[in-house]
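Engineer: Below are the sequence and a predicted model; questions follow.
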Amino acid sequence: MTDCIFCKIIAGDLPATKVIEDEQTLAFMDINPGSHGHALVIPKAHSKDLTAIGPDDLAACLSTAQELARRAMENLGADGVNLINCCGAAAWQTVFHFHLHVVPRYADGPHRDGLQLPWVPAPGDPGEIADAARALSNGD
Ligand code: AMP
Ligand code: ZN
């Protein structure tokens, strides 16, 4: 994809601060970090989003993200990690090359983050939950 910035990073046409690279994936630092050590994992083969990526590339990205999460906790002293994927503009996706955000979390200390859940947990309407479950289960 010639107009994709993440494909350009893979091709070496745009700079990136790389942290892990293997045959199928690349992990590099996000230039607008939400927390100390926020990195992105991408497949080397272009897929626009979660609905388009193949199971092999998805599994490879998850495995790289797991390694990054371990390093965030062991090497950066993170207390936890959020793994985030934005699929579609309505879900905050801005770069249409599949990526996982690996966001280290810090409960306190110099890197304490003020990140919040993006929804307010509250009991849902049981009928609506059941309707959605029926639609999502495809009759299974
Ligand atoms: P999303 O909103 O989930 O599509 O996330 C795209 C992410 O890519 C954002 O967090 C951006 O900060 C990040 N980003 C965009 N361009 C670059 C770049 N050239 N190098 C590193 N991160 C980037
Ligand atoms: Zn791409």
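Structural biologist: Received it, and whenever you're ready, just let me know what you need. Ligands and ions are numbered 1, 2, ... in the order given.

Engineer: Give me the neighbour count for residue 39.
Structural biologist: 25 (other C-beta atoms under 10 Å). Backbone N, C-alpha and C define where each C-beta goes, glycine included.

Engineer: What of residue 100?
Structural biologist: So residue 100, with other C-beta under 10 Å, has 23 neighbours.

Engineer: what's the pLDDT at it?
Structural biologist: Predicted confidence (pLDDT) for residue 100: 99.

Engineer: Which residue is most remote from the mean position of this structure?
Structural biologist: Computed with C-alpha atoms, centre = their mean, the residue of the chain farthest from its C-alpha average is residue 127, at 31.4 Å.

Engineer: What residues does residue 61 make contact with?
Structural biologist: 24-25, 41-43, 53, 98, 100 (C-beta atoms under 8 Å, 6 or more residues apart in numbering).

Engineer: now those residues in TSV, with distance to ligand 2 and secondary structure?
Structural biologist: As requested, those are exported to TSV (distance: C-beta to the ion, whole Å; DSSP: H, G, I helix; E, B strand; the rest coil):
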residue	distance to ligand 2	secondary structure
24	14	coil
25	13	strand
41	13	strand
42	8	strand
43	9	strand
53	11	coil
98	8	coil
100	14	strand
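
Engineer: ok, back up a step: which of the helices or strands spans the residue farthest from the centre of the chain?
Structural biologist: Assigned by DSSP states H and E, residue 127 falls within helix 126-136.
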